[in-house]
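1. build me a model from this:
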Amino acid sequence: MRSYAGLDVKEKLSGTLIKGKPRISKSGDRHLQKAMHILGLTAVRWDDNFRNLYAGLVSRHGIRMKAMVAVHRKLLEMVYTIFKSKCGYDKEYEAKKIEQKNSVHAMTA
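-> Below you'll find the model as predicted:
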């Protein structure tokens, strides 16, 4: 899925020697890459979950495009999961998951 979209990591290897930093391959479908970029820009602008993810990665690494690629990958995985499970997008999914984890820990303590 990620390799089809060109969002997989590629390393330059020569035997056991790694030459340079790992980069995204960009060898996937260019139309899908463009669509994911527009989708990523929109998600960062209008969805709080993706805005927080983007802002956190930019503050940690300082590289905006690296953070945007991370948003693209997360969106791609989310779209695939929604398609396979045939359910709708729940904006509060992450908050519910954290709340459920906390309630389980409270019951065991």
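2. count the residues that sit near S25.
-> S25 is flanked by 15 other residues according to other Cβ atoms under 10 Å. Every residue, glycine included, has its C-beta placed from N, CA and C.
3. so how far is E94 from it?
-> Counting by Cβ to Cβ, to the nearest Å, the separation of S25 from E94 is 28 Å.
4. also D47?
-> To E94, D47 is 11 Å away according to Cβ to Cβ.
5. more neighbours, these two?
-> Taking other Cβ under 10 Å, D47 and E94 do not tie; D47 has more neighbours (16 against 13).
6. OK, contacts around the more buried one?
-> K91 (Cβ atoms under 8 Å, 6 or more residues apart in numbering).
7. one more: the one 4 residues further on?
-> Contact criterion Cβ under 8 Å, 6+ apart gives 44-45 as the residues in contact with R51.
8. given the longest strand along the chain, what are its sheet partners and their directions?
-> In the chain, assigned by DSSP state E, the strand with the most residues is strand 17-24. Sheet pairing here is set by DSSP bridges, and for strand 17-24 it gives strand 9-14 (antiparallel).
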